[in-house]
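coordinates only, sequence not included:
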């Protein structure tokens with residue numbers, strides 16, 4: 001008479017343990033893959049969030065540039081102009097969209113420099129001046145540095161504007177427009193550029209960004225011409 005065995009043999013137990021171990025191993029591996037992908041997604045999200053915030057601050061700074069009049073005294077006369085000086089990798093001006101002061105304009109300087117990786121970092125430098133700049137001889141020092149962008153492949157500024165108000169008036173009469181240039185001086189031209197462009201590239205992604213400034217800033221100099 002045969003008796004049915006309801007228990008496990010040693011071989012069956014070993015097979016069951018092996019299968020359970022394999023399931024646990026697969027589960028652990030799947031979890032590690034999921035955790036790795038999640039961490040990668042979080043890292044990418046943090047980078048995107050950082051870049052988005054940087055563009056937002058960059059836009060606020062450039063959009064806040066306004067006609068800050070300064071003057072130069074020479075032989076008893078006053079030559080007014082604007083506190084604005086821009087090149088391909090630097091920009092000096094005054095903004096109402098400063099990064100540290102929400103209530104007063106900030107004298108700032110944007111500087112693009114190469115880092116140790118051969119990439120480009122863009123630094124926002126802030127002057128601690130409490131009084132507005134009024135004279136071309138006034139000294140400006142920068143004591144605060146804030147990194148706006150890091151590890152860019154390209155950062156290039158361009159300026160759309162005129163050489164002078166006289167050239168603008170004559171050009172408009174002839175149906176001409178402002179020209180795009182790598183440098184612009186509000187002191188020499190006695191104007192602000194109509195637009196400031198920034199060509200930015202990072203990790204193969206290219207972007208052309210621009211803001212419009214006050215294209216009728218010369219009206220602020222009329223009071224000096226009447227004196």
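Yep, it's here. This structure is a prediction, so every number in the text was calculated from the model and none was measured.

need the next SSE after the top strand by length along the chain, C-terminal direction.
Assignment by DSSP state E gives strand 142-152 as the longest strand of the chain. For strand 142-152, the succeeding helix or strand toward the C-terminus, using DSSP states H and E, is strand 154-161.

So which bits of the next helix or strand after that following strand are buried?
Per DSSP H and E, the first helix or strand lying C-terminal to strand 154-161 is helix 165-173. By neighbour count on 16 or more other Cβ atoms under 10 Å, the buried set for helix 165-173 is 167, 168. Where you see a C-beta, it was placed from the backbone N, CA and C, and this is true even at glycine.

helix or strand right after helix 165-173?
strand 179-181.

Low-confidence stretches in this structure?
1-8, 10-17, 27, 29-49, 128-130, 224-227 (pLDDT under 70).

And the helices in it?
Applying DSSP state H to the chain gives helices spanning 10-63, 165-173, 186-189, 222-225.

Tell me who's in contact with the residue nearest the centre of the chain.
Centroid check for the chain by Cα atoms, centre = their mean gives residue 58 as the closest residue, at 3.7 Å. Counting by Cβ atoms under 8 Å, 6 or more residues apart in numbering, residue 58 makes contact with 122, 148, 149, 198, 209.

Next, count neighbours for the first one.
The local packing of residue 122 (other Cβ atoms under 10 Å) involves 20 other residues.

doesn't residue 112 make contact with it?
Yes. Counting by Cβ atoms under 8 Å, residue 112 is a contact partner of residue 122 at 5.1 Å.

Mutual contacts of the two, please.
152, 155.

of the contacts of residue 58, buried ones?
122, 148, 149, 198.

list the contacts for the residue nearest to residue 134 when sequence neighbours are not counted?
In space, and not counting its chain neighbours, residue 134 is closest to residue 70: 5.8 Å by Cβ to Cβ, 6 or more residues apart in numbering. Residues in contact with residue 70 (Cβ under 8 Å, 6+ apart) are 80, 81, 82, 83, 133, 134, 135, 136, 138, 187.

mind running it again at 7 Å?
81, 83, 133, 134, 135, 136 (Cβ atoms under 7 Å, 6 or more residues apart in numbering).

which one of the buried ones among the contacts of residue 58 is nearest residue 9?
Nearest to residue 9 among those, counting by Cβ to Cβ, is residue 149 at 68.2 Å.

isn't the closest one right next to residue 119, touching?
No. The pair residue 149 / residue 119 is not scored as a contact, 9.6 Å apart, by Cβ atoms under 7 Å.

How many residues are close by the closest residue to residue 161 other than its chain neighbours?
Distances taken as Cβ to Cβ, 6+ apart place residue 193 nearest to residue 161, at 3.5 Å, with adjacent residues excluded. For residue 193, the neighbour count with other Cβ under 10 Å is 26.

Since that was my last question, I'll sign off now.
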